[in-house]
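Asks: Return atomic coordinates for the entry below.
(chains A and B)
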Number of protein chains: 2
Amino acid sequence: MAEKIYRIDMSSLTVSSEDVPERWKGLGGRGLTSTIVAEEVKPTCHALGRYNKLIFAPGLLGGTTCANSGRLSAGAKSPLTGTIKECNSGGNAAQHFAHLGIKALIIEGVPQKDTFYSLHVDKNGVTIQEDTELVGKGNYEVMNTLTQKFGGKIGILSIGPAGEMRMAAANISVRTRDDYIRSLGRGGLGAVMGSKKIKYITIDESDGPGVHIADPEKFKAAAKVFAKALLEHAVSGQALKQYGTDVLINILNEVGGLPTRNFRYGQFEGHAKISGETLYDVIVSRSGKPSHGCHTGCVIQCSQVYNDAEKHFATSGFEYETIWGLGANCCIDDLDILAEADNLMDDIGIDTIELSDAVAVAMEAGVLPFGDGPGLLRLLDEIRTGTPLGRIIGAGTAAVGKIYGQTRVPVVKDQGLSAYDPRAIKGIGITYATSTMGSDHTAGYAIATNVLKVGGFIDPLSKEGQVALSRNLQIATAFIDSTGLCIFVAFPTLDNPVVFPAMMDMLNAKVGVAMTVDEGQSLGKEILLREHEFNLAAGFTNKHDRLPEFFEYEPVPPHNVVWDFTGEEIDSFWDIK
Amino acid sequence: MAEKIYRIDMSSLTVSSEDVPERWKGLGGRGLTSTIVAEEVKPTCHALGRYNKLIFAPGLLGGTTCANSGRLSAGAKSPLTGTIKECNSGGNAAQHFAHLGIKALIIEGVPQKDTFYSLHVDKNGVTIQEDTELVGKGNYEVMNTLTQKFGGKIGILSIGPAGEMRMAAANISVRTRDDYIRSLGRGGLGAVMGSKKIKYITIDESDGPGVHIADPEKFKAAAKVFAKALLEHAVSGQALKQYGTDVLINILNEVGGLPTRNFRYGQFEGHAKISGETLYDVIVSRSGKPSHGCHTGCVIQCSQVYNDAEKHFATSGFEYETIWGLGANCCIDDLDILAEADNLMDDIGIDTIELSDAVAVAMEAGVLPFGDGPGLLRLLDEIRTGTPLGRIIGAGTAAVGKIYGQTRVPVVKDQGLSAYDPRAIKGIGITYATSTMGSDHTAGYAIATNVLKVGGFIDPLSKEGQVALSRNLQIATAFIDSTGLCIFVAFPTLDNPVVFPAMMDMLNAKVGVAMTVDEGQSLGKEILLREHEFNLAAGFTNKHDRLPEFFEYEPVPPHNVVWDFTGEEIDSFWDIK
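Replies: Here you go, the predicted model:
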């Protein structure tokens, strides 16, 4: 059975399906969501208004047996940044969509009535129903209720109170098969879902057509090479499995690039208390799970289950960026408080990176002291209930800066910077500045080559080679994000020459074509340029591809370096065609 | 004695003076502030950071006996809009500066120490002193304290709590000779003054050199023609004097262009209760002053003194836009509450137009009900004390929209629209869209020709002729704003051919040159283009010259018309050279 596109028009509360147009057939994940946004969304539209569209799409390899191919892409115009936006997440929704033969779900319009709805997706298509029972509830209660109703195999996408209130930092939660939450985190797509008044989407893949593989033998062989390479690489096969992404705390602290106290310092005194090594010990001592996959078929297993002191579940998917953001950057060196906050953010449905930056700027403004863990938990409660302060924080870092008249506001295109100081690790600064998504470390993870020495080594403190590094990574990432593969496959891809060809072999075996490695890279370029064009049409210029000025005049210890790229140097990023 | 420029460097707490460079000699007011901003301020800088500059300049005719020439211009990059910004105000500060031979005050840098300062300007120059006694106080207390200290002839510029807290809607207050307050209202320049940690500026013109007039006889003759024309015109000589600017309530209601309930309707049921005619009757019955000039030498006298029911002073400078904004647009049809709010806003130091739009959007979001007068007064108290809700409102309309996830947010370049619906009065819509200042009705007051039939008549409901109308008005206004003349001189200028030549005669007689009317208009064009260039360099594009999309799909009663200009039509505004 041929794959389908489903359109859900929330203005008329109708659903239609269509065959996949020829020009979209070779696209999936980010490539597809960004192409649909670029083709169908008015670039200058209000992101929470009737003209925006919210698109979900599994990757090109989604639903197959390929390792780590279960990422789900969501795309729209972002209410946080005003740019095009794609974010992707684990959980099992992508695989459910793929097994149902669904290439993309396109949610359009906004309802006329002021009420909430839910969508149900199964082999018969998509149905909409008015559904207010779970409005106001956190994501865990939503998922528990729906799992009881539909059984443990159901796929769920939902928004928490933050998304309902259309907060610009709201995310969309994705259920994992074992009842944990992963997030379509960045750029406020939960607010877009909230503006379309959809509280949740359930996906029942039963009796779906499944995924068609044109050449199963070829696919199987390539998948084996691929999985083996993932497992053999020091980062994807060992470090991430044992310590999770939080392995980076000690590494970044060591290189002086761990943003601390709202990006004032590059090292955090309390780093050992929140490091991946400490996290591992605590998890093991409390009978948690140090390794856990966020979706079926993950072999990297960088997630984990963290228990509290009484050995009860505290949180899962406890990422480096969250632990950095509330830990080093807000100076809260207590893993238990950070775990509680992480779980609350999953429940409320808010991006942990944006939230961390927002809280750090609020601390800078004197709203609460740096290091105030209980104060952080109170703030999260204010977000849940939508107090004015909760709404300020929930609107993200730039909003906090605006509301409190702050100048040290680490954002690009109004999205908060992540866990890597751009002055001390200059390659990631280029990615922050130029990413089509607003500041986003995942768009071109220069930490690989600047710090982890994956794909060679480029001195993080030197400007030389950084623009080309970020450009190559962003192109490769745009491609990988289109396959449904986890970004961490980039580590073996950069170091092991068999990986990219194996990926292409799987794609070709699935679709029955013969795309070369070069063509794969060209696709990455095309996607990036399409996204960039959208942003230009939305009113962005090279003036927005800049870091905040305080990075230029405030040297960051211990290296005491500033951000010293000229505008022209940054702009050369787009010499791409 | 030649005029001087004073530079106040708040980073080093030093003052320097310099001769006026040749290229700035023919400039004053907006022409001068915008030129200095364009030449010296980095367009992409943070408006509250070290690279912004705050400039005060009297107009070219400032300090002379010319009627209505006492407007003071302030310029900077705006923290509200991110664009270049000039606003001008009555009060007597411009005349004091002019009498001291001061062409402009340029305030640069930000202090290193976290404390407040005051500036004192007199015949010996400018002095800076650390001064925290009045920090936290409202503008009235500041002015009363300083008047007691320096005597009743002192000129004062000050910020209230809103400016101290760097709220993006904060204004700068200017003392009138009779202890009332006028405001440098729009664009948040009070926040810039707050970022430079200056609570107030006192100006003592005693023993200043005064204003040099090259040809006093010629000047006197032209000034006479000019004043006579002002007094003879129906708008500037009669309507504004009797009813103040609030005369417009009934007129705009009649044409269906009075934005009501956050721009949902074009007519307000309660219009008669807040009209200029009612205002006049109430003022007279309570022994107030229906006519009052905002600065020495004003012959139009559109200001007034409004007393409360006990015949005690309630407010002054009670403008149409304020009464519209809180009255029709927030549906509060009670002049006494509006007067109390107006006075509180003067004291807190916040722009009444921005505040009105912000409150209406907050009402739309359900923060308080439409029509809730006591709720409005509570909100103002929250702004004064800087609660989270107070800071949200104080950050302006766009911020309220962002924080509450609203789509009906009437702003252009993040500045709130004013008291004229752009769908029903299309000329003003072009001004809102294209003004270099963000949405600003004063930048090209198309109401004159669309509604008041001054300078001819162009049908407000038709698109025809509106772009040219707005363009011509914006050019003329840029020129008038450079002279120090009140914008209301535009009414007789448009209808009476003697006025513009009389203005030029005064300018030429003062400076001793021979500028033609055409050259005056060229100067207006140059200023506008210089401002536009700054905005382009700051990252603005034609995509920002657009009204919010809801105006395009929501017809406004009673005419049930939408905003129907295409982007290309709007962009033709800049076919100006």
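Asks: alpha carbons only for contacts and neighbour counts from here, please
Replies: Noted.
Asks: OK, contacts around the residue of the stretch 201-350 of chain A found nearest chain B?
Replies: Residue nearest to chain B within the stretch 201-350 of chain A (C-alpha to the nearest C-alpha): A:I350, separated by 14.4 Å. Contact analysis of A:I350 by C-alpha atoms under 8 Å, 6 or more residues apart in numbering or on different chains lists A:160, A:162-163, A:169-172, A:185, A:394.
Asks: next one: phi and psi at whatever residue is furthest in space from the centre of chain A?
Replies: In terms of distance from the mean C-alpha position of chain A, A:E217 ranks first, at 32.7 Å (C-alpha atoms, centre = their mean). Backbone torsions for A:E217, taken as degrees, to the nearest 10, come to phi -70, psi -50.
Asks: Can you check what pLDDT the model gives it?
Replies: Per-residue confidence at A:E217 stands at 96 (pLDDT).
Asks: ok, back up a step: least confident of the contacts of A:I350?
Replies: A:G185 (94).
Asks: which residues sit in contact with it?
Replies: Applying C-alpha under 8 Å, 6+ apart, the residues near A:G185 are A:87-89, A:170-172, A:350-352.
Asks: Give me the subset of those residues lying in strands.
Replies: Those of the contacts of A:G185 mapping onto strands are A:87-89, A:172, per DSSP state E.
Asks: Taking the contacts of A:I350 together, which two end up most distant?
Replies: A:I172 and A:G394 (14.0 Å; C-alpha to C-alpha).
Asks: tally of neighbours for A:T516?
Replies: Neighbour count for A:T516, taken as other C-alpha atoms under 10 Å in any protein chain shown: 14.
Asks: where do the strands sit along the stretch 251-400 of chain A?
Replies: Applying DSSP state E, counting those that start in this stretch to the stretch 251-400 of chain A gives strands spanning A:289-292, A:303-307, A:313-316.
Asks: Direction included, what does the second one pair up with?
Replies: To tie it back to what came earlier, the one meant is strand A:303-307. Each strand paired with strand A:303-307, and its direction, by DSSP bridges: strand A:289-292 (antiparallel), strand A:313-316 (antiparallel).
Asks: hang on, the earlier thing: for the closest residue to the residue of the stretch 201-350 of chain A closest to chain B other than its chain neighbours, what are its contacts?
Replies: Once flanking residues are discounted, A:I350 sits nearest to A:A170: 4.3 Å by C-alpha to C-alpha, 6 or more residues apart in numbering or on different chains. By C-alpha under 8 Å, 6+ apart, the residues touching A:A170 are A:159, A:162-163, A:185-191, A:349-351, A:394.
Asks: Can you tell me how far A:A170 is from B:K289?
Replies: 53 Å (C-alpha to C-alpha, to the nearest Å).
Asks: Equivalent analysis for A:N68, please.
Replies: In terms of C-alpha to C-alpha, A:N68 sits 77 Å off from B:K289.
Asks: Between the two, which has more neighbouring residues?
Replies: A:N68 (28 against 15).
Asks: Is it correct that that one is in contact with A:I487?
Replies: No: in this structure, A:N68 is not within contact of A:I487 by C-alpha atoms under 8 Å, at 9.1 Å.
Asks: and after whichever helix in chain A runs longest, which helix or strand comes next?
Replies: The helix that spans the most residues within chain A, counting by DSSP state H, is helix A:517-537. As assigned by DSSP states H and E, the chain's next helix or strand after helix A:517-537 is helix A:550-553.
Asks: where does chain A have low pLDDT?
Replies: Within chain A, the segments meeting pLDDT under 70 span A:1.
Asks: Shouldn't A:K85 be within a helix?
Replies: No: according to DSSP: H, G, I helix; E, B strand; the rest coil, A:K85 belongs to no helix; its state is strand.
Asks: just checking, it touches A:S73?
Replies: No: between A:K85 and A:S73 there is no contact under C-alpha under 8 Å: 9.9 Å.
Asks: Tell me which of the two has more neighbours.
Replies: A:S73 (31 against 28).
Asks: Next, the more buried one: secondary structure please.
Replies: Under three-state DSSP, A:S73 comes out as strand.
Asks: Relative to chain B, how far out is it?
Replies: Distance of A:S73 to chain B, computed by C-alpha to the nearest C-alpha, to the nearest Å: 23 Å.
Asks: Next: A:K543.
Replies: In terms of C-alpha to the nearest C-alpha, A:K543 sits 5 Å off from chain B.
Asks: I figured that residue hits B:K42, correct?
Replies: No: when contacts are counted by C-alpha under 8 Å, A:K543 is not listed as touching B:K42 (11.6 Å).
Asks: Give me the phi and psi angles of the closest residue to chain B within the stretch 151-300 of chain A.
Replies: Relative to chain B, the nearest point of the stretch 151-300 of chain A is A:R166 (5.1 Å; C-alpha to the nearest C-alpha). With angles defined as degrees, to the nearest 10, A:R166 sits at phi 60, psi 40.
Asks: Contact partners for it?
Replies: A:R166 touches A:48, A:190-192, A:194-195, B:404-405, counting by C-alpha under 8 Å, 6+ apart.
Asks: so which of these would you say is closest to A:V498?
Replies: A:G190 (37.8 Å).
Asks: thinking the closest one is in contact with A:G163, fair?
Replies: Yes: if you go by C-alpha under 8 Å, A:G190 and A:G163 touch, sitting 4.5 Å apart.
Asks: Quick check: neighbours shared by those two?
Replies: By C-alpha under 8 Å, 6+ apart, the residues touching both A:G190 and A:G163 are A:170-172, A:349.
Asks: Quick check: the gap between A:L61 and A:E526.
Replies: Looking at A:L61 against A:E526, where the rule is C-alpha to C-alpha, the gap reads 19 Å.
Asks: Who has more neighbours out of those two?
Replies: Using other C-alpha under 10 Å, the more surrounded residue of A:L61 and A:E526 is A:L61, with 29 against 19.
Asks: show me the contacts for the closest residue to that one other than its chain neighbours.
Replies: Among residues not flanking A:L61 along the chain, A:T483 sits closest, at 5.3 Å (C-alpha to C-alpha, 6+ apart). Listed by C-alpha under 8 Å, 6+ apart, the contact set of A:T483 reads A:28-29, A:59-62, A:69.
Asks: Try it again at 7 Å.
Replies: Going by C-alpha atoms under 7 Å, 6 or more residues apart in numbering or on different chains, A:T483 touches A:28-29, A:59-61.
Asks: so of those, which ones are in helices?
Replies: Those of these lying in helices (DSSP H): A:G29.
Asks: Go through the contacts of A:T483 and name the one nearest B:V247.
Replies: A:G29 (59.1 Å).
Asks: Which residues of chain A lie near chain B?
Replies: Where chain A comes near chain B, counting by C-alpha under 7 Å from any C-alpha of the partner chain, the residues are A:46, A:48-49, A:165-167, A:388-389, A:391-392, A:395, A:403, A:405, A:407, A:538-539, A:541, A:543-544.
Asks: which residues in the stretch 101-250 of chain A form helices?
Replies: Secondary structure of the stretch 101-250 of chain A (DSSP state H, counting those that start in this stretch): helices at A:139-150, A:161-164, A:189-195, A:216-232, A:240-243, A:248-255.
Asks: Packing partners of the longest one?
Replies: Here helix A:216-232 is seen to pack against helix A:499-511 when contacts are counted using 3 or more C-alpha pairs under 7 Å, 6 or more residues apart in numbering or on different chains; DSSP states H and E.
Asks: Ok, the first one next?
Replies: The criterion is 3+ C-alpha pairs under 7 Å, 6+ apart, and the helices and strands that helix A:139-150 contacts are helix A:335-348.
Asks: show me the contacts for A:A94.
Replies: A:58, A:62-63, A:70-72.
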